[in-house]
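In: Model the structure of this input:
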Amino acid sequence: MIENILSSPHRLLPFGAAVCCSHPSSSHRSRFGMARAEGITNAVNVGIAVQADWENREFISNISLNVRRLFDFLLQFEATTKSKLAALNEKLDILERRLEVLEVQVSSATTNPSVFT
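Out: Got it, this is the predicted structure:
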């Protein structure tokens, strides 16, 4: 049975290959069939390359977006922190002035106790 298939003029060939029955060597593939198979292979390769390029660009875009978000967060964090530290610094200045006033009052009270009686 295999011999019948192999000797048949209608052999099964790979996709894109053609048999020219009028040619003395009926087993050769036509140039058109080879070009078509190569064209399909090239199209598949181009498609794969385009998809990989698209995925790489999408990955880079996501990384860039996340870096921008991180940068924006750090800028906001810095601004908020500076504002809070400035408010705390003002409160500390007020407390230091009050403490100095209290120290002066205590030192004057210890040197002159009659002021408080």
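
In: Could you list the low-pLDDT ranges of this structure?
Out: When residues are selected by pLDDT under 70, those of the chain lie in 1-37, 115-117.

In: for it, longest helix please?
Out: Determined from DSSP state H, the single longest helix within the chain is helix 31-111.

In: how far away is residue 76 from residue 42?
Out: 50 Å (Cβ to Cβ, to the nearest Å). Every C-beta, even on glycine, is put in place using the N, C-alpha and C of the backbone.

In: Next: residue 62.
Out: Relative to residue 42, and taking Cβ to Cβ, residue 62 is found at 30 Å.

In: same thing with residue 59?
Out: Taken as Cβ to Cβ, the span from residue 59 to residue 42 is 26 Å.

In: What's the separation between residue 66 and residue 80?
Out: 21 Å.

In: ok, now residue 56?
Out: Applying Cβ to Cβ to residue 56 and residue 80 gives a distance of 36 Å.

In: now residue 70
Out: 15 Å.

In: again, but for residue 106
Out: From residue 106 to residue 80 the distance is 39 Å (Cβ to Cβ).

In: Residue 89 now?
Out: In terms of Cβ to Cβ, residue 89 sits 15 Å off from residue 80.

In: How about residue 59?
Out: Taken as Cβ to Cβ, the span from residue 59 to residue 80 is 31 Å.

In: same question, residue 71
Out: Applying Cβ to Cβ to residue 71 and residue 80 gives a distance of 15 Å.

In: what do you get for residue 47?
Out: Residue 47 is 49 Å from residue 80, by Cβ to Cβ.

In: swap in residue 51?
Out: Distance from residue 51 to residue 80, by Cβ to Cβ: 43 Å.

In: try residue 87
Out: Taken as Cβ to Cβ, the span from residue 87 to residue 80 is 11 Å.

In: Equivalent analysis for residue 74, please.
Out: 11 Å.

In: Check residue 102 too.
Out: Distance from residue 102 to residue 80, by Cβ to Cβ: 33 Å.

In: repeat for residue 68
Out: Residue 68 is 19 Å from residue 80, by Cβ to Cβ.
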